[in-house]
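A.B. asks: sequence first, then the predicted structure:
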Amino acid sequence: MKLRDHLWLLALVPFLSFLSVSDGLGGHVDQEQSFSFVQGEMGDFSENSRRYKREDTDGDKASKDTAVVIDEKISSVFHLNNSHLHLMVHWAGKGSSIVFCLARDQEISENSTSRVFISKDYGTTFIDVSSKFLLENSKLATINKFFHHPINNCYYVFTDILHKHIFVTLDCGETVSTYPTLFSPRHLEFDTKFDGRFLIHDRESEKMELYVTKNFGETFSHAGDFIKAFFWDYKEDETVLYVSRVEPSQKLNILSSSSFFERQIDTRVVFTGAKEFEKKEDFLFAVTDDDKKPGQKKFYVAKTEEKFVQAEFPIKLDLINFHVADVSSDGELMVIVNHGGNHSNLYVSDKVNQYEVEFSLSLSRIMYYNPGTTWRQSWLDRLQQNTNQAEADFADFYKIAGLRGVYIASQVAEGISEETIRPSNLTTLITFDAGAEWNTIQGPKTDNQGNPILGCYQTNTKCPPKTDPRSAQCDPATINQDLSCSLHLALHLSRRYPTTRSIPVLTSAAAPGV
């Protein structure tokens, strides 16, 4: 059924996907927000049986017993009676039964509308509270997004970029304060050390203004123009703000301030002439053009409050692009370097101090996509044309939560052309020692009933009869072992591939046994 012709049915289960956005080195990593997004068309829910039924096909003659069933003991369905095509759902967090739901048009325009719903019983029922979000002319606001404080469960800020308003609640929606702004509140982040302070970055304006409030949005002060990105640095007794500011030369000057640029005396010039900049954990990373080698770049590393040092890589290939994959709790750096074309390698740091930074090769041919640099003639490049750089740039690299030094990555097979790249061209590898050694992942040999899985470890191949001369070279115990067979795990490329749209691997530090 078409969603616009029928009622929205909202099914809530106790799982919300964590979304964070990064554009690799040179970009800001958005403050983590545990939102669940639903948009577009929904499948056909049967109201009587509450089952989501799949259409029978020649290749799938599944019986009704295999239909996906919504277990009423752990989930519920509620009629929102709303035809908007975009839902944004958020549970307030541990110890709270509050769930917010924003329904709005997929694209915000002059005629767009929105509705805000709240549940006080873990999503079993919802109440329309849109009337709490009114403009000064008493018309309903057009809420495009809301932001949740990472620590304070009941602290939310809702934004209306169309009419330039923000709406703040500190009590899970019981009361909502309305504040008009002189700028478009497109992106917001909270200072987790000081509740009253948050930043708003108008990323899409010509001047890319950055504003800060210290009183929950009642008033704002101007923190800077032409700000490409900003980063938090939490000290024991203060918060330091780093910004990358675009200069007329189009290069970046990196500045820091403990007063959020209210006082000139607190402002420090950290780095000048950068093409890209990023802060990750306690490290700062900057990229500049290599004046001696046109088209190539230099990579600089520093700890906060220390000087920058140019990194050395043990290879004579071109250094075209850099992507900081991870900074471990031990201070080990993992960086992906593109060497031209689609050739990208993963490197790990051997030495990092205020005098020298050295890397060694960890994994060759890692899957890495950067718009305009890699896989430019592939379906991937065409798919990402309408996506901003922050969401387009990615590496097939994943850190296993809760396990020290364990990572998963995808390696591209040799000789793959740009036009043919797909998940089947990748091999999933795993390391248990922070990149020192990578191995394939052995898949299960039996199914959940204990039966052998055919086609990988059990091929049912038999040795020739003893009368056949070839039988002397055949060992019945090993003929069915295929050592090249390994398990493939879906990462970012599989998620984007149009045919599969696979859900990427997800781990949790709170998982049993971790």
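C.D. replies: Thanks, I have it.

A.B. asks: contacts and neighbour counts: CA atoms only from here.
C.D. replies: Fine.

A.B. asks: now tell me what touches the one helix or strand residue 287 maps to from outside.
C.D. replies: Element membership of residue 287, judged by DSSP states H and E, is strand 283-289. For strand 283-289, contacts defined as C-alpha atoms under 8 Å, 6 or more residues apart in numbering pick out 25-26, 273-279, 295-304, 322.

A.B. asks: which element is encountered next along the chain beyond it?
C.D. replies: Per DSSP H and E, the helix or strand that comes after strand 283-289 is strand 297-303.

A.B. asks: what pairs with whichever helix or strand comes after that next one, parallel or antiparallel?
C.D. replies: From strand 297-303 onward toward the C-terminus, using DSSP H and E, the following helix or strand is strand 309-312. Next to strand 309-312 in the sheet, as set by DSSP bridges, lie strand 297-303 (antiparallel), strand 357-363 (parallel).

A.B. asks: hey, which of these is tucked in deepest?
C.D. replies: strand 297-303 (a mean of 21; mean count of other C-alpha atoms under 10 Å).

A.B. asks: quick one: mean pLDDT over that strand.
C.D. replies: The average pLDDT for strand 297-303 rounds to 97.

A.B. asks: now what about it, what contacts it?
C.D. replies: 282-290, 308-311, 319-322, 354, 357.

A.B. asks: gap between it and the chain center?
C.D. replies: 24 Å (C-alpha atoms, centre = their mean, to the nearest Å).

A.B. asks: same deal with stretch 225-235?
C.D. replies: Counting by C-alpha atoms, centre = their mean, stretch 225-235 comes out at 19 Å from the chain centroid.

A.B. asks: begin at 58, not 1, for the rest of this chat.
C.D. replies: Happy to do that; since the first residue is 58 now, the last one works out to stretch 282-292.

A.B. asks: run through who's touching it.
C.D. replies: So stretch 282-292 is in contact with 84-85, 248, 250, 260, 263-267, 296-304, 335-336, 339, going by C-alpha under 8 Å, 6+ apart.

A.B. asks: give the bridge partners for residue 237, please.
C.D. replies: Going by DSSP bridges, residue 237 forms beta bridges with residue 222.

A.B. asks: state the distance from it to residue 224.
C.D. replies: Distance, residue 237 to residue 224, by C-alpha to C-alpha, to the nearest Å: 9 Å.

A.B. asks: those two: which has the busier surroundings?
C.D. replies: residue 224 (24 against 18; other C-alpha atoms under 10 Å).

A.B. asks: any idea which element the more buried one lies in?
C.D. replies: strand 222-226.

A.B. asks: helices or strands up against that strand?
C.D. replies: In terms of contacts (3 or more C-alpha pairs under 8 Å, 6 or more residues apart in numbering; DSSP states H and E), strand 222-226 is packed against strand 213-217, strand 234-237.

A.B. asks: highest average neighbour count across those strands?
C.D. replies: It is strand 213-217: most buried of those by mean count of other C-alpha under 10 Å, with a mean of 24.

A.B. asks: mind listing residues that contact it?
C.D. replies: Contacts for strand 213-217 (C-alpha under 8 Å, 6+ apart): 198-206, 222-227, 229, 241-243.

A.B. asks: which residue packs closest to residue 531, ignoring adjacent ones?
C.D. replies: residue 520 (5.9 Å; C-alpha to C-alpha, 6 or more residues apart in numbering).

A.B. asks: doesn't residue 529 make contact with the one you found?
C.D. replies: No: checked against C-alpha atoms under 8 Å, the pair residue 520 and residue 529 is beyond contact range at 9.3 Å.

A.B. asks: looking at those two, which one has more neighbours?
C.D. replies: residue 520 (17 against 12).
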